[in-house]
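Engineer: Just the structure for this:
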Amino acid sequence: VEEVIKTNTKIPIHKRTIIHLSLVMNKIDEVISSTLKPFEISIQQYNVLSILRGQKGNPANLSTINERMVSKMSNTTRLVDKLILKGFVSRRVCKQNRRKVEILITEPGLNILNEIDGILFETEKSILENFNESELKE
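Structural biologist: Numbers count the residues shown, from 1 in each chain. Take a look at the predicted model:
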């Protein structure tokens, strides 16, 4: 850790561990982002699409999506807007409650996820290639 952040100062173990975890997470994000880049979607957009696919054809509202996001953020509306522009999701007003907005994944959204799934699986496998099965279960 000290070498990566270019310091000669001894870092206390708790702080060192936090820095190490942050560095690892940043590297994982970098690798996954580069895998998603050819599809022109971010990790957060991929997460929204995965959540909507998990709805199995049922709509979700913004608060449901935000609750299920891996990385909680306040810009879920902006993520959904970008996915609408790409044709991957649609938005409609709920018939029973006009104040409620429902978001659904579209056929192109499902198709792009199907394209990404295998490639992302291989990326995740390569990230974890130095771990054995029992270490992954811990």
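Engineer: pLDDT score for residue 21?
Structural biologist: If you check residue 21, the pLDDT there is 89.
Engineer: May I have the secondary structure class of it?
Structural biologist: Residue 21 falls in the helix class when you classify it by DSSP: H, G, I helix; E, B strand; the rest coil.
Engineer: just use 40 as the starting number from now, easier for me
Structural biologist: Okay, using 40 as the starting number, the last item reads as residue 60.
Engineer: Now for residue 145, how many residues are close by?
Structural biologist: 17 (other C-beta atoms under 10 Å). C-betas here are computed from N, CA, C, even on glycine.
Engineer: what residue ranges in this structure score low on pLDDT?
Structural biologist: 40-44 (pLDDT under 70).
Engineer: let's see 90
Structural biologist: 40-52, 54-60, 62-63, 101-102, 109-115, 132-140, 166-177 (pLDDT under 90).
Engineer: where along it do the strands fall?
Structural biologist: Taking DSSP state E as the criterion, the chain carries its strands at 128-132, 140-144.
Engineer: among those, which is the most enclosed?
Structural biologist: Greatest average neighbour count among the strands of the chain goes to strand 140-144 (a mean of 19), per mean count of other C-beta atoms under 10 Å.
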